[in-house]
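> any chance you can model this:
(chains A, B and C, ligands or ions: 3)
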Amino acid sequence: MKRTLGVCYYPEHWPEDQWAEDAARMAEIGLTWVRIGEFAWSRIEPEPGRLDWGWLDRAIATLGAAGLQVVLGTPTATPPRWMLTRHPDMLALDAQGRPRGFGSRRHYCFSHRPYRVECARIVTLLAERYGQNRHVAAWQTDNEYGCHDTTLSYSPAARNAFRNWLAQRYQSPQALNRAWGNVFWSMDYASFDEIELPYLTVTEANPAHCMAFRRFASDEVASFNRLQTEIIRRHSPFPIAHNYMGAVTEFDHFATGADLDIAAWDAYPLGFLADRVAASAAHKRRFARQGDPDFQAFHHDLYRAVGRGRWWVMEQQPGPVNWAPYNPDPLPGMARLWAWEAFAHGAEAVCYFRWRQAPFAQEQMHAGLLRPDSVAAPAYAEAAVVARELAEMPDVEPAAAPVALIFDYASAWAWATQPQGRGFDYFNLVLDFYKGLRKLGLSVDILPPDARELGQYELMFAPGLATLSEGLRAAVATTKGIAVFGPRSNCKTVEFATPGPLPPNLPGLDCTVARVESLPPDLPVTLSNGGSFLHWREKCEAVDVAETTTDGWPALIGRGPVRYLAGWPDELALERILIALCAERGVATEVMPEGLRCRETARMRFWFNYNSEAVCHAGMEIPAAGVHWQAL
Amino acid sequence: MKRTLGVCYYPEHWPEDQWAEDAARMAEIGLTWVRIGEFAWSRIEPEPGRLDWGWLDRAIATLGAAGLQVVLGTPTATPPRWMLTRHPDMLALDAQGRPRGFGSRRHYCFSHRPYRVECARIVTLLAERYGQNRHVAAWQTDNEYGCHDTTLSYSPAARNAFRNWLAQRYQSPQALNRAWGNVFWSMDYASFDEIELPYLTVTEANPAHCMAFRRFASDEVASFNRLQTEIIRRHSPFPIAHNYMGAVTEFDHFATGADLDIAAWDAYPLGFLADRVAASAAHKRRFARQGDPDFQAFHHDLYRAVGRGRWWVMEQQPGPVNWAPYNPDPLPGMARLWAWEAFAHGAEAVCYFRWRQAPFAQEQMHAGLLRPDSVAAPAYAEAAVVARELAEMPDVEPAAAPVALIFDYASAWAWATQPQGRGFDYFNLVLDFYKGLRKLGLSVDILPPDARELGQYELMFAPGLATLSEGLRAAVATTKGIAVFGPRSNCKTVEFATPGPLPPNLPGLDCTVARVESLPPDLPVTLSNGGSFLHWREKCEAVDVAETTTDGWPALIGRGPVRYLAGWPDELALERILIALCAERGVATEVMPEGLRCRETARMRFWFNYNSEAVCHAGMEIPAAGVHWQAL
Amino acid sequence: MKRTLGVCYYPEHWPEDQWAEDAARMAEIGLTWVRIGEFAWSRIEPEPGRLDWGWLDRAIATLGAAGLQVVLGTPTATPPRWMLTRHPDMLALDAQGRPRGFGSRRHYCFSHRPYRVECARIVTLLAERYGQNRHVAAWQTDNEYGCHDTTLSYSPAARNAFRNWLAQRYQSPQALNRAWGNVFWSMDYASFDEIELPYLTVTEANPAHCMAFRRFASDEVASFNRLQTEIIRRHSPFPIAHNYMGAVTEFDHFATGADLDIAAWDAYPLGFLADRVAASAAHKRRFARQGDPDFQAFHHDLYRAVGRGRWWVMEQQPGPVNWAPYNPDPLPGMARLWAWEAFAHGAEAVCYFRWRQAPFAQEQMHAGLLRPDSVAAPAYAEAAVVARELAEMPDVEPAAAPVALIFDYASAWAWATQPQGRGFDYFNLVLDFYKGLRKLGLSVDILPPDARELGQYELMFAPGLATLSEGLRAAVATTKGIAVFGPRSNCKTVEFATPGPLPPNLPGLDCTVARVESLPPDLPVTLSNGGSFLHWREKCEAVDVAETTTDGWPALIGRGPVRYLAGWPDELALERILIALCAERGVATEVMPEGLRCRETARMRFWFNYNSEAVCHAGMEIPAAGVHWQAL
Ligand SMILES: [Zn+2]
Ligand SMILES: [Zn+2]
Ligand SMILES: [Zn+2]
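Ligands and ions are numbered 1, 2, ... in the order given. Next up, the predicted model:
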């Protein structure tokens, strides 16, 4: 499939007489896609039942006339004010029990069934009207599920749906009591209707209760989305995407993604670095105008997995944003670099957000390709450069990486529910492994936790994977490569109990975690061969110990196809261990200069310089914010 | 007008047989004023409708008999418990939606109309009874409007009043939708009754919505106050004051002040330093027992503007207070220094708070001029010294300063609503400019944002002024001095939209802010001539660039009567720029030693040593906590 | 009385066929006690009124058959879910006004009278059934009163009970108004029914109001507990204990303890160090796997006082716990050291918590003596060692210490209500004195604030004692030793007013606190003889000044039997002052190496090495985590 560029556009924000010129300029710089419509419900249906299609018909026609293809969003992330009058109980409740009011966006509870009926109604109307439109070529459901902490709702609607979900899952309160260990503090239930959402308890709720709520909430997102995809598919042949938000782990993207054709995500490298990357102050300072060198790539690889190969960047940061703690201006070149990095990871399309900076409302400080006065902002020219470059590049040709990394949303919930040590964060643990691999110049594939084969992979990593599925267990048992687990892998049952035999209970590995320690940041456990465990270490009984801590416990266990790492390695230990494992399997590694990263596709190798200075590496000189590629 | 001293007194707290001796001692040390009554509602009206005037009559008579003049406070900041029984919905609601209960003070919502009727009733009774009393000489309305975060209330009463206010302002929901840009996220309203207060939304509310609520809330304070001033004026010829609290910016003091004769403020230098001055730990440590060297002066100048020349310190810290995070004892001499600094800035009166330290209730750890056992506390003797010194000093003779600084409450709301970078605080931005000017030995006048002339000023500064009024625009266009704007000046319309043409759009200055950066504290943007921008910088397109950043963007723009500063200067950059500007206009500057400050009146020059050691400067040796004055 | 060991066990968590083997292993390693039942209400009474005694009968029989003695807990800390259906208003409300929901434990409000009736019913049933059981030998009421911040509840039940309590205490609203100084801000009440709980007020509530609420809440715990002890005593001759939680000061343990035979506490040294010991990062790091060297001993001495000589450790940490911010593994030897330290301080019994690590629910990461797979965890062997050692040791022979330290719960409430300086914490102040004494090798007795004699004590310390009782005043006046008060001693009346004459008003000491300073941590007041006051200093007028600050104020006052310390001494100042005082009274001191502590009983001297390395001291070499004892 051809790589393409696009942009997010809000015709309803601008005078109609400006649309044609906007469309012409989009086409002129080589854009293919225009995403529209996802926040426009109040203009499509100004009053309940009164539909105003005219402006949208004309907007699509105008864009299409300029040769652009439309991605049409369903507007369900922004129900109009009249919806709240019809359904006063549609609001989500926050973890303090307060209704999350009207006045911004995403103010609905996923579990509110009458709101779902309204969503089905508007999606049906949209799909009927535009499902065969010759200028529409793709769909987007809703917008950024889970953003602004909206996955978990504590509303009565959520409580009722949760009870039904529990009844389906456990069949009897007695079965639930046994599964959760409710005997522990006399927490037994006699009826599903006695069960509340796990919040505002005196001390922590039963983690099994919390995990059930997490699973339920994730299922609610999936079924909310599926309602829309089923309707759209009945009326339209175009592929359906959703635009996930970065570092949102509260619902299982693989599960929601199963109903979609394309996984898209919204990439805001500078906002994310300031807002949600765990890094030192020095690192944040160094990359303040470039973004973290691995955070985007991680999501690219994740969404390639979620989309089963088909994925987009639906919103690409073009300049300063408005929502992070600090909002610097990207270095010249980054708007190009970010796009190319996405393409190098297999993106089919990259759409900048947004066409023109809005002069009003919440995001008036969020840059666009154009300034509010329609003058080109710096990213405008960079986008045009990318478009020209794309024209000369071959199609997307993904190549399987030599290394696989498991990402499991349920594990993120597990360690959020029971971190056992402050700040134990699954996302950061997996990201540390990902960074370690990237720093060695490796391309990485991300796999879901229910992967059933490890075919070509020389190495597979599953740190912190709370529960090992039967499928993955079988794949590991027969891998030709090496599967590396730990810390904390396979230490919980699906019902969040400690399993017997004790963890990690891995095929072919004689190893038992006898006890664990969570550690403050200033209390590392040093390793005999260099580096340390930080935050977490386990004391294992094991037969085949490859490496030990300086206090004499096994650190790395196993020499065969299955290994177990008994702690959270720091950068130094991880680099050493990864290099050795790669060498063992004949995977070539190359320690990257700081801020330089590379990625291979089937026929090309790409380099990305995230530094604010040029880097010389392997005979190349890559300028600041520069991209370099070479045929293989 | 003669400079005078006073004290705050609570006859209702003490046995009646102690009043006469208290009054005699007040007179003996040279006090002129006694403020009383502002918390006494439950003793004036113990039950609804049952008035007990006797004690107050006798208290006023006793004080008057000693030669003292009474400032009589209206007791509306402390409605008695029975008021809540009559009006259970009178309580303000906090930003979490919780009622702010009875049991301290200021527990009313400004928007509760029946409570206003009660206030009108008690104020009428007071004004009728004491409006011509020969011992009463001034009034105080309520007490410290806005203190304890009481300006904004989220009560049903506030919501209803807000809707009415919106209906008056916008006339139709469609007009409001257009003004606010509600199309942005389908936030359109069909009726004013659909509009909620902007709180507990899923992500941030529309900033135009927030700003409207801020303006409304400020108007509510003004109309609440005006209700009282109109009643008092009908019955009494005495001037009316209100005692504002330091660093409270949630309502427009100029607007409330327009209905008052005197602006008063409550000056707690040590409490403020610990509690609300943004400064380094070293600075806070150095001045812990003296207070910040500029914070009081800034308020003095601000309230001179708010009072249109007439202003008081109604409460002056006399010793340790009870409410700051840490409460040290002032250095010997500070109770005198603080008073003299107020007089040097034009104060008509300084009243110490309070006469005798209370042995009970909330403020029992707050010092007075007397200890709880009626022994003199250190400030007692210092007050007596000031009284003697005043007797020999000429009257207040204010002089216009060479430099003006705009202070605009709406800008404080604007940047609180949309800081764009964590900690971007308007008050601190303006205070930085004020400090920079004071460190050069300059006296400063503060002007309201709707100032219509800049007559004698050589320099005017308006950093962060969100919207340039037509009046000030005209004044700037004709100034004979230099008007310095930026950063962030004139970048929002009154409806909090980005204006066209883009900011700063200043008369006679060819400059456009193309984009902005907010920056973490460790990411300064260095200037070619020394110093840096911190927190905030703008990338401008400009013709006449006087100074650049080291990354090549304009830093200071213009060489004529209008200048624009494209960032938040650090101390070094600001000093350099201010010195150059002053030199350009022939304003003499003199870099002050740390902690030493001066202030000129028409015929005198005053120096204040905020250090805990003596300072030698210009041939003077000023002792620690010392005041020095010289005829000009 | 013989020293003994025990363990906490939950037969209801395990298959019945495992009980006998468990019991056999307990007996085998020398355990005497098994505590059971305290969380088992839902299994004892699965439905309201349907009692299932069978399993508990058999569990007790099985344990007894193995030679073990049962401590039987009343299950009132975990009312079953059906209880909430019967009494929907039984939940406590938190300080934000939110109900504290079902799903963990301690979700009842102490003031809910119908829940008390339910408690009386279940306790009666238990006491009737097991009050004479030959295998039961002690009782425990409820579990960890006050844990998870459960002493203070803001429920309607609490409000109503508080009003009744106030009516009993003050008899008339007028008397209450006078006592509290409600005139201060027109806070007068006309009826007890007008008085709310002191929370969510606009600014701080009247501290007298807060203190009354604190006293009330403490009384509620006492009467809740007394209800159970009275029932048990009617049916059973066995001693009754309660297991207090470390560092819980919200209710008066002396008052609750008066109705009990044994004071027990739950000792989690590593959890407490991470969670509730105020110490430097370096200290926390150094002792991360050992616990603070004084925190346990302090509680041992405190509960020896609360239990009037009879006290236990009811729960002893055996390995990593699950609830602290970080949960390291204790150093090998600590499970033995901790037990021996308790015995050295006079404990009759030490019970490890828990027998086997649970594989489910909230505490599945909390270690036991056994792992979840029943394999022995490290503490298992250590417990066995202690049991063998105990067998050869003499009975508990307490000896009076030379030094006494007052601990007063009401003072903790006083300074929490009105700290006057951020972080002024009574518990830490007293603990600092305790640590200072321990570092000199001293054994310490803790006394209640109403102690009426100081017979044998050479030195008594009462820092921060808010109100000096008549009894203690008389004791001090006649002590043969030295009584050291201050800072902040005797500075409040029982009604939380400033007394007259001004504090400290101590027998035979001419000293008046003229004013006080609270200080930020970086602003010490240095002492002329070395060291500093931190956080707090007082400026006193005094005749007999033994030591001064470098700024010239009295620091230590008095040379006779009563002394006053005018600030919070740092470690250096305190050591110097304590050594001098001890020398004066002939009490031998010996500066301990860091982390080494000792304790004397009547015939033995014990040393405890809290370090992770061996310590050489006085000719002994004590290994890391080692215990050493010597006959005197
Ligand atoms: Zn977005
Ligand atoms: Zn005040
Ligand atoms: Zn416990």
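> any idea how far apart the tips of stretch A:307-324 sit?
28 Å (C-alpha to C-alpha, to the nearest Å).
> could you check how far that stretch is from the centre of its chain?
Distance of stretch A:307-324 from its chain centroid, counting by C-alpha atoms, centre = their mean, to the nearest Å, is 11 Å.
> in that stretch, what's buried?
A:307, A:310-324 (16 or more other C-beta atoms under 10 Å in any protein chain shown). Heads up, the C-betas are built off the backbone N, CA and C, glycines and all.
> could you pull up the contacting residues of the closest residue to chain B within the stretch 351-500 of chain A?
Using C-beta to the nearest C-beta, A:Phe360 is the residue of the stretch 351-500 of chain A that sits closest to chain B, at 2.7 Å. Neighbour list for A:Phe360: B:Trp180, B:Gly181, B:Phe184, B:Ala208, B:Phe496, B:Ala497, B:Thr498 [criterion: C-beta atoms under 8 Å, 6 or more residues apart in numbering or on different chains].
> filter these down to the ones in helices?
Residues of the contacts of A:Phe360 located in helices (DSSP state H): B:Trp180, B:Ala208.
> between the contacts of A:Phe360, which sits nearest B:Ser280?
B:Phe496 (32.9 Å; C-beta to C-beta).
> quick check: the gap between A:Trp355 and A:Pro320.
16 Å (C-beta to C-beta, to the nearest Å).
> on the pLDDT front, check the closest residue to A:Leu502 other than its chain neighbours for me.
Among residues not flanking A:Leu502 along the chain, A:Thr512 sits closest, at 5.0 Å (C-beta to C-beta, 6 or more residues apart in numbering or on different chains). Looking at A:Thr512, its pLDDT stands at 98.
> buried residues in stretch A:14-33, which are they?
A:Trp14, A:Trp19, A:Asp22, A:Ala23, A:Arg25, A:Met26, A:Ala27, A:Ile29, A:Gly30, A:Leu31, A:Thr32, A:Trp33.
> contacts for the one helix or strand the second one maps to?
A:Trp19 belongs to helix A:19-28 when assigned by DSSP states H and E. Outside helix A:19-28, the residues within contact range by C-beta under 8 Å, 6+ apart are A:7, A:9, A:11, A:14, A:34, A:58-59, A:62-63, A:65-68, A:355-356.
> show me the residues you listed that map onto helices.
A:Arg58, A:Ala59, A:Thr62, A:Leu63, A:Ala65.
> list the contacts for the second one?
With contact set as C-beta under 8 Å, 6+ apart, A:Ala59 has these partners: A:Pro11, A:Glu12, A:Trp19, A:Ile36.
> wait, the second one sits on B:Asn182?
No. Using C-beta atoms under 8 Å, A:Glu12 is not in contact with B:Asn182; the gap is 11.0 Å.
> so is the longest strand belonging to chain A next to chain C?
Secondary structure of chain A per DSSP state E: the longest strand is strand A:532-542. Yes. With C-beta under 8 Å from any C-beta of the partner chain as the criterion, chain C is reached by strand A:532-542 at A:Lys539.
> what lines up beside whichever helix or strand comes after that strand in the sheet?
Sequence order places strand A:545-548 as the next helix or strand after strand A:532-542, per DSSP H and E. Partner strands and pairing direction for strand A:545-548 (DSSP bridges) are strand A:554-557 (antiparallel).
> next SSE downstream of the partner strand?
strand A:562-565.
> what strands line up against that following strand, and which way round?
strand A:482-485 (parallel), strand A:554-557 (antiparallel).
> got TSV for the ones you listed, with mean pLDDT too?
Formatted as TSV, the strands paired with strand A:562-565 follow (pLDDT from 0 to 100):
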stretch	mean pLDDT
strand A:482-485	98
strand A:554-557	98
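> hmm, back to that, in the sheet, who's paired with the residue nearest to A:Leu502?
Going by DSSP bridges, A:Thr512 forms beta bridges with A:Pro504, A:Glu541.
> quick one, what contacts it?
Going by C-beta under 8 Å, 6+ apart, A:Thr512 touches A:Pro501, A:Leu502, A:Pro503, A:Cys540, A:Glu541, A:Ala542.
> from ligand 3, how far off is it?
27 Å (C-beta to the ion, to the nearest Å).
> and A:Ala158, what element?
Using DSSP H and E, A:Ala158 sits in helix A:156-170.
> no, scratch that, I was asking about A:Val70
strand A:69-73.
> kindly format the C-alpha coordinates of that strand as PDB.
What follows is strand A:69-73, C-alpha atoms only, in PDB (Å, rounded to 0.1, in the frame of the first residue of the first chain):
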ATOM      1  CA  GLN A  69     -10.300  11.700   0.200                       C
ATOM      2  CA  VAL A  70     -12.300  12.000   3.400                       C
ATOM      3  CA  VAL A  71     -11.900  10.100   6.600                       C
ATOM      4  CA  LEU A  72     -15.300  10.600   8.300                       C
ATOM      5  CA  GLY A  73     -15.500  10.500  12.000                       C
END
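> could you give the average pLDDT over that strand?
98.
> and it, what does it pack against?
Applying 3 or more C-beta pairs under 8 Å, 6 or more residues apart in numbering or on different chains; DSSP states H and E, we find strand A:69-73 packed against strand A:33-36, helix A:54-65, strand A:136-140.
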